[in-house]
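> what follows is a predicted structure for the sequence shown.
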Amino acid sequence: MDLEKPPQRREPEGCLAVAIRVPVRIVVLVLVVPVRMVWDALVVAGRVLRDTVLRPLGRALAWAGRAVFVRPLVGLWRYVLVPAGKALAWLGKVLVVVPLAWVYARLLTPLGHGVVLVLRGIGAGLVWLYARVLTPVGHGVVRVLRGIGAGLVWVYTRVLTPVGHAVLWVLGKGGAVLAFVAAGVSAAVVWLVRYLLVVPARWVYAWVLAPAGRAVAWCARGLARFAGLVVTGVGVGLYWLARVLVVLPALALWRWVLAPAGRLLVVVGREVRDALGHAWRVAGRISLAVGRFLGTLLRWIFVEPVRWVYRTVLTPVGHVLRDAVLRPAAQAARAVGRATREALASARASVRQARADFRRMLLGEPEREPEQTASGNRREPSGRETRTLGSSTTALTKD
């Protein structure tokens, strides 16, 4: 619980802040103390509820969830789905993979080898056909085509070329005449176009269209300047009208009304905020004191009487009960247990002896091992000799 206010840098204050601070803090303290006490009570109740109810309930729900959902799902996965998957995999291997492997190895592979052999035979036949039949036929066709080409070349060289030269000579002589006629006609057409279209068009552009365009441009510039002057005058008038009717009243309202009111509201809000923080801390101290008082009162009313009853009444009664009843009962129980264990041990020994007698009666005495002689036993001396300090009769001092 943060009861101490952190150090803050205070700005210079005026008389208005000092005048507002005390009544605001008193009012806020009166309003905040019940809220803080209710809040602390809810916090304590929430912690008690969390420690005594919610955590055990959550653990019980977690255990129930594991018992109801997790463990059955794990058992279902481990003992049902995994064996079923392995069984399905084995069935798929036996019913699908093994037959497919057998079909591939016993049917498709020989069939593919046969198809490859057939295709190899067909390819060899095609190669033989190409080498023995198509190649000679192709050579004959090439020879025929070469003969036809030689004939066409002779016709082109000996017949078509002289005829073409004669046609070109005739066309060359006629072309000169046609070029002279075309030149005269084109010159006449150019002269007519120049003096019937170009010269009149230049005169109309220079003496009619250009002056008219300059006059229209001068008029347009004059109209634009006039419109600019009108718009500027209207804009200046609207600016001063808006300044006088809107800006200056709004500026006066902001400067003489809203700004002082805002400063006052800022001071009041800051003081209310500081008063809330101070009142919350003071209410925390008051709530802590009230809580300690109630805890002390509860301890002296309930805890201390119960502790006194436990120490002065229940503890002596419990000691008397322990010394007079429980310890003798425990000793008697231990004696009964010891007697029971001894009786069971004697019964087991009797049963073991009876079983040994029954085995000896049916099978006879078991064969005993022959006694070792003095020369065979190197660790113990013979019956006639005794162990002395000067004799070598021990296992460590024998030869």
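On my side now, so go ahead.
> got any ranges where the stretch 101-250 of the chain has weak pLDDT?
Where the stretch 101-250 of the chain drops to pLDDT under 70, the residues are 170-179, 181-182, 185.
> give me the number of residues near residue 36?
Using other CB atoms under 10 Å, residue 36 has 20 neighbouring residues. For the C-beta atoms, the positions are set from N, CA and C on the backbone; glycine is no exception.
> quickly find the element holding it.
Assigning secondary structure by DSSP states H and E places residue 36 in helix 15-49.
> against which helices or strands is that helix packed?
helix 259-298 (3 or more CB pairs under 8 Å, 6 or more residues apart in numbering; DSSP states H and E).
> so what secondary structure elements neighbour the helix it packs on?
Packing partners of helix 259-298 (3+ CB pairs under 8 Å, 6+ apart): helix 15-49.
> could you check the angle the helix it packs on makes with helix 259-298?
Orientation note: helix 15-49 sits at an angle of 40 degrees relative to helix 259-298 (axes from the mean of the first three to the mean of the last three CA atoms, to 10 degrees).
> and whichever helix or strand comes after helix 15-49, how far out from the chain middle?
Helices and strands here follow DSSP H and E; after helix 15-49, the next one along the chain is helix 55-65. Here the centre of helix 55-65 is set off from its chain's centre by 29 Å, with CA atoms, centre = their mean, to the nearest Å.
> and the helix or strand following helix 55-65, what does it pack onto?
Next helix or strand after helix 55-65 toward the C-terminus (DSSP H and E): helix 71-76. Packed against helix 71-76 by the contact rule (3+ CB pairs under 8 Å, 6+ apart) you find no helix or strand.
> chain center to helix 71-76, what's the gap?
28 Å.
> so which bits of it are buried?
Within helix 71-76, not a single residue qualifies as buried, counting by 16 or more other CB atoms under 10 Å.
> so for that helix, mean pLDDT?
Per-region confidence: helix 71-76 scores 90 on mean pLDDT.
> right, and the helix or strand after it?
helix 82-92.
> list the buried residues for that next one?
So, applying 16+ other CB under 10 Å, helix 82-92 has no buried residues.
> can I get that helix in CSV, CA atoms only?
Presented in CSV, the C-alpha positions along helix 82-92 are these (Å, rounded to 0.1, in the frame of the first residue of the first chain):
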residue,chain,number,x,y,z
VAL,A,82,-2.1,-46.1,-31.6
PRO,A,83,-2.8,-49.9,-31.7
ALA,A,84,-5.6,-49.3,-34.2
GLY,A,85,-3.2,-47.2,-36.3
LYS,A,86,-0.5,-49.9,-36.1
ALA,A,87,-3.1,-52.5,-37.0
LEU,A,88,-4.3,-50.4,-40.0
ALA,A,89,-0.7,-49.9,-41.1
TRP,A,90,-0.1,-53.6,-40.9
LEU,A,91,-3.3,-54.3,-42.8
GLY,A,92,-2.4,-51.7,-45.4
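> which SS state does residue 365 fall under?
Three-state assignment for residue 365 (DSSP: H, G, I helix; E, B strand; the rest coil): coil.
> who are the contact partners of it?
Contact analysis of residue 365 by CB atoms under 8 Å, 6 or more residues apart in numbering lists nothing.
> could you measure it against residue 359, distance?
10 Å (CB to CB, to the nearest Å).
> try residue 202
Where residue 359 is concerned, residue 202 sits at a distance of 155 Å (CB to CB).
> circling back to that earlier point, now the angle between helix 55-65 and the helix holding residue 36, please.
Helix 15-49 and helix 55-65 are oriented at 50 degrees to each other (the same axes, to 10 degrees).
> now helix 15-49: average pLDDT?
76.
> and if you look at stretch 290-306?
Throughout stretch 290-306, pLDDT has a mean value of 86.
> repeat that for stretch 350-366.
Mean per-residue pLDDT for stretch 350-366: 79.
> now that stretch - C-alpha only, PDB.
Taking Å, rounded to 0.1, in the frame of the first residue of the first chain, the C-alpha atoms of stretch 350-366 are listed here in PDB:
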ATOM      1  CA  SER A 350       6.600 -75.500  13.500                       C
ATOM      2  CA  VAL A 351       5.400 -75.500   9.900                       C
ATOM      3  CA  ARG A 352       9.000 -75.500   8.600                       C
ATOM      4  CA  GLN A 353      10.000 -78.300  10.900                       C
ATOM      5  CA  ALA A 354       6.900 -80.400   9.900                       C
ATOM      6  CA  ARG A 355       7.700 -79.800   6.300                       C
ATOM      7  CA  ALA A 356      11.400 -80.900   6.900                       C
ATOM      8  CA  ASP A 357      10.200 -84.000   8.700                       C
ATOM      9  CA  PHE A 358       7.800 -84.900   5.900                       C
ATOM     10  CA  ARG A 359      10.500 -84.500   3.300                       C
ATOM     11  CA  ARG A 360      12.900 -86.600   5.400                       C
ATOM     12  CA  MET A 361      10.200 -89.300   5.800                       C
ATOM     13  CA  LEU A 362       9.600 -89.400   2.000                       C
ATOM     14  CA  LEU A 363      13.100 -88.900   0.600                       C
ATOM     15  CA  GLY A 364      15.400 -90.000   3.400                       C
ATOM     16  CA  GLU A 365      18.300 -88.200   5.100                       C
ATOM     17  CA  PRO A 366      20.200 -85.800   2.800                       C
END
